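Engineer: everything below, folded, please.
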Amino acid sequence: MIESLSKLWGIPLPETRIHPNVTVRFGLFEVDFTTGTVTRQGVRVKLQEQPFRILSLLLLQYGEIVSREQLRQALWPHGTHVNFEGSLSAALKKLRAALHDDAENPRFIETVPRQGYRFLAPVHVINGSITPSAAGSFTTPANSEKSIEVRLRMHPEFSPELISESEWDRQRAERTQQWFDTMLLAVAILFGSWFLFFIVYPVPRPSVQRMTRIANAGRIDEWGGIVSDGTRIFFLERDGGRWKLMQTSVEGGNAEVMPAPFENTRLFGISPDHSEFLIGQFTRRDDEMPLWLWPVQGGEPRRLGQAAGHDPAWSPDGTQIVFVRGQDLYSIHRDGTQIRKLVHVDGNAFAPAWSPDGGSIRFTVDQGEYGTQTIWEVTADGTGAHPLLPNGTQPSDQSAGNWTADGKYFLFSGCEQYECNLWAMRDAWSWFRRSHHGPFSLTSGPDDLHVTIPTQTGSRIFAFSFRSRRELEKIDPRTMHASMLSLDTLAQEASVSLDGQRVVYTNRPDGSLWRSNTDGSQRLRLTSSPLGGLSPRWSPKGEQILFTGIRNDQPRQIYLLSSDGGAMRPVLPKGWEGASADWSPDGYRIAVAMRNLKTHPHYALFTLEPTTAAWKELPDSKDFNEPRWSPDGRYIAALDNSNHDLMLFDVQKGKWTLIASGGFLEAPNWSANSSAIYFQDQLDDQESIFRADVDTQQVRMVLGFGEALRVSASHCFFSGLGSDGSIYVMLERGLTDIYALDLDLP
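Structural biologist: This next block holds a predicted model:
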């Protein structure tokens, strides 16, 4: 094609011989003279004939000036009449636009005033050949000396050394670009491989690899917790009305009594330097006890300033101690000074634990007997208190948490209804592998596991294991003859009808209500998950059942249900939640402990007519619970919020009277003639049942369970009275063990 340009255009061309298939490149553009096309990075550029002719002339005389006369002869042969100046400017403008060039700051086509135009950029031959006469016009990548010669002709003001340096800089820039592209590709491959690994292979879930029983005894008291110094574990055993501090090897074996400075001593922890125990002195389990420091090697304990409370815990550096008093968390210096309140919570706080870095504290908040337990977190200076898990996250009840030795996981007890297991949350984030925060369930029955105590090194923890089995017995208090009633082995709480023929009970693990005859026949399920039932009460005629219904993350409600099953009916006013309730003697009203978080935030006692929804608050009944209406309708008995006092409300006089006190009172039940009220003290030496006479206010023990507690039962629960004066009792035959769990914590 180039050879025919002279004939086609009718002008003399430079004495250059170019192979017919020659293709040249400049910048991002390639010009194929064979086909007459221009491409940019492989994409064809639309270019009309006249702009292409101008480009061809400039390329043929690369580095030299192409005069305006040469362009006129090439574009408009002799005899053609045209506006030369305007047409040439238009063609050059189109050419520059196609090449993305700028006349003011040219990269390719330079305007030489009063002479013509010159092509500036380096031109490389892609294929074909050039004759020696054209060697000054075209360069190849290996023809650097010829390129320098051309540049010198273009820019005579440049020295050869400067031109060589410029060419070397260009080659270095090309090598740098190649190296950068290679590195970018390698980084992209590495990132893609990591991202694929991150998505496809996440960090495995933590799991329990092995469980080893360390200690077992029917009198282990979980309230006392577990403490380990690395070689021994310490725990409490209850012996009647007192507690013994016990110790055994972390590998298991016989438990021995540990000499303690007080009759009832609770061991809370050991200092990080293993020099001192943190202990408390108590009489009753719910007391705010004075706190002491006791040398590990023995000796006299030292009072921890004025600190009094429960559940103290060491900071990681051993300089601070956090403890609980009521609804408040306090910190105190190890020497007993600098005591200050950190945070106040809405509920009862317990089991605080320091993070391994000492920056935060996690603790459990108990919303009360009929609320839930949740784990909260606060900074070490007492700011930013918030629940650790959002609402609706399983498990619904969380408590007694602590970190693993390496700080990667936070372990805690989680309960759903009556089933408790160990749970873990991942606190450490891995950039290399995708990791889930959790929480993860580490165990799943059949035993209840809770209160995790990590060892100071490794991935071993200690936990209480409790397997529950309860039996319902009917006892004649005159002859002490006991007969067992047939219930499901998973029964948790039972109430016998007044005629003694039928029983309604709560069943584990979902908390569903069941009804059956006392001989175990005609079993009928009354409620289904997710609704559970507590405190069932038979109506006076035995036709209906009143109970407290619980659903996860919903206020508790009081329901009425036919004893033959069917639809349930809530009885509380809108916006109120209930704790427990009891029938009036006529069966048309109920006495109920309820509250409204917006208008009446504390529980109080009310009388309520379910049919009309009319209700009335009993005076001075704030924080009272477990109401029991006497059969003659004159009195309503209730327990205070500490369960220390049994109160009696005279409906006619509108006055409350203290009728009995004790360690931890439960299950008030009226005699059939309303002359006395029976109750149980769980902290009594024999977990005895007592009778309080209404007229004389004298209290006497009716039945003690000392023999049963020594032989076979771990707990006894007073369940009610029959119309003939018989006593119904649920005996807990379960066992409490201490296990060491070896965990896989990836």
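
Engineer: wait, Gly414 sits on Trp423?
Structural biologist: Yes - when contacts are counted by Cβ atoms under 8 Å, Gly414 is listed as touching Trp423 (4.1 Å). Quick note: C-beta positions are derived from backbone N, CA and C, even for glycine.

Engineer: quick check: which ranges of the stretch 151-300 of the chain have low pLDDT?
Structural biologist: Scanning the stretch 151-300 of the chain for pLDDT under 70 picks out 151-170, 197-198, 200-201, 217-218, 240-241, 286.

Engineer: how about the strands in it?
Structural biologist: 207-217, 220-221, 227-228, 232-239, 242-249, 256-257, 265-270, 276-281, 289-295 (DSSP state E, counting those that start in this stretch).

Engineer: turn those strands into TSV, columns for mean neighbour count and distance to Glu687.
Structural biologist: Output for these, formatted as TSV (neighbours: other Cβ atoms under 10 Å; distance: least, Cβ to Cβ, whole Å):
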stretch	mean neighbour count	distance to Glu687
strand 207-217	15	17
strand 220-221	22	13
strand 227-228	21	26
strand 232-239	21	10
strand 242-249	18	14
strand 256-257	12	22
strand 265-270	22	20
strand 276-281	22	23
strand 289-295	20	22
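
Engineer: what lies in contact with stretch 103-115?
Structural biologist: 26-27, 58, 65, 67-68, 92, 95-96, 99, 101, 117-121 (Cβ atoms under 8 Å, 6 or more residues apart in numbering).

Engineer: for Ser723, helix, strand, or coil?
Structural biologist: Following DSSP: H, G, I helix; E, B strand; the rest coil, Ser723 is assigned to coil.

Engineer: typed the wrong thing, it's Ser495
Structural biologist: strand.

Engineer: also Glu707?
Structural biologist: helix.

Engineer: which residues of the stretch 601-746 of the chain fall in strands?
Structural biologist: Counting by DSSP E, counting those that start in this stretch, the strands of the stretch 601-746 of the chain are 614-617, 625-629, 635-639, 645-650, 655-661, 665-670, 676-681, 689-693, 699-703, 715-721, 727-732, 735-744.

Engineer: to clarify, my last question referred to the stretch 301-450 of the chain.
Structural biologist: Using DSSP E, counting those that start in this stretch, strands in the stretch 301-450 of the chain cover 302-314, 320-325, 328-333, 340-344, 348-354, 360-366, 373-379, 386-387, 397-403, 409-416, 419-426, 440-441, 448-454.

Engineer: any idea of the mean pLDDT in the fifth one?
Structural biologist: Think strand 348-354. Computed over strand 348-354, the mean pLDDT rounds to 89.

Engineer: again, but for the second one
Structural biologist: If you average the pLDDT over strand 320-325, you get 93.

Engineer: and the first one, by the same measure?
Structural biologist: Summarised as a single mean, pLDDT over strand 302-314 is 91.

Engineer: show me what counts as buried in it.
Structural biologist: Buried residues in strand 302-314, counted by 16 or more other Cβ atoms under 10 Å: Leu304, Gly305, Ala307, Ala308, Gly309, His310, Asp311, Pro312, Ala313, Trp314.

Engineer: which of those residues sits closest to Gln373?
Structural biologist: Asp311 (13.6 Å; Cβ to Cβ).

Engineer: returning to what we had before: what's the overlap in contacts for Gly414 and Trp423?
Structural biologist: Common neighbours of Gly414 and Trp423 (Cβ under 8 Å, 6+ apart) are Pro395, Gln398, Pro439, Ser441.

Engineer: between which two of those residues is the distance greatest?
Structural biologist: Gln398 and Ser441 (12.0 Å).

Engineer: compare neighbour counts for the two and give me the winner.
Structural biologist: Neighbour totals were compared for Gln398 and Ser441, and Gln398 leads with 26 against 17 (other Cβ atoms under 10 Å).

Engineer: for the residue nearest to Tyr635 when sequence neighbours are not counted, grab the count of nearby residues.
Structural biologist: Among residues not flanking Tyr635 along the chain, Leu648 sits closest, at 5.5 Å (Cβ to Cβ, 6 or more residues apart in numbering). Using other Cβ under 10 Å, Leu648 is surrounded by 22 other residues.

Engineer: ok, Leu648 - contacts?
Structural biologist: Per Cβ under 8 Å, 6+ apart, neighbours of Leu648: Tyr635, Ile636, Ala637, Trp656, Thr657, Leu658, Ile659, Ile677, Val694.

Engineer: give me that answer again for 7 Å
Structural biologist: Leu648 is in contact with Tyr635, Ala637, Trp656, Thr657, Ile659, Val694, counting by Cβ atoms under 7 Å, 6 or more residues apart in numbering.

Engineer: where does it land on pLDDT?
Structural biologist: For Leu648, pLDDT reads 95.

Engineer: check the offset of stretch 304-320 from the chain's centre.
Structural biologist: Distance of stretch 304-320 from the chain centroid (Cα atoms, centre = their mean, to the nearest Å) equals 27 Å.

Engineer: which other residues reach it?
Structural biologist: 268-269, 271-273, 278, 280, 288-293, 321-325, 330-334, 336-337, 339, 350-354, 356, 358.

Engineer: on that earlier part again, ranking the strands of the stretch 601-746 of the chain by mean pLDDT, which is last?
Structural biologist: For these, where the average pLDDT is lowest is strand 735-744, sitting at a mean of 84.

Engineer: which elements pack onto it?
Structural biologist: Under the contact definition 3 or more Cβ pairs under 7 Å, 6 or more residues apart in numbering; DSSP states H and E, strand 735-744 sits against strand 207-217, strand 460-467.

Engineer: which positions in it come out as buried?
Structural biologist: Per 16+ other Cβ under 10 Å, strand 735-744 contains these buried residues: Leu735, Thr736, Asp737, Ile738, Tyr739, Ala740, Leu741, Leu743.

Engineer: can you check stretch 722-737 too?
Structural biologist: 722, 726-737.

Engineer: put the alpha carbons of stretch 399-411 into CSV.
Structural biologist: Extracted C-alpha coordinates of stretch 399-411, given in CSV (Å, rounded to 0.1, in the frame of the first residue of the first chain):
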residue,chain,number,x,y,z
SER,A,399,-25.3,-16.9,84.5
ALA,A,400,-21.9,-17.5,86.2
GLY,A,401,-19.6,-16.7,83.3
ASN,A,402,-15.8,-16.7,83.2
TRP,A,403,-13.0,-16.5,80.6
THR,A,404,-10.7,-19.3,79.6
ALA,A,405,-7.1,-19.1,80.6
ASP,A,406,-6.0,-17.7,77.1
GLY,A,407,-8.9,-15.2,77.0
LYS,A,408,-10.2,-16.5,73.6
TYR,A,409,-13.5,-17.8,74.9
PHE,A,410,-16.1,-16.7,77.5
LEU,A,411,-17.8,-19.6,79.2
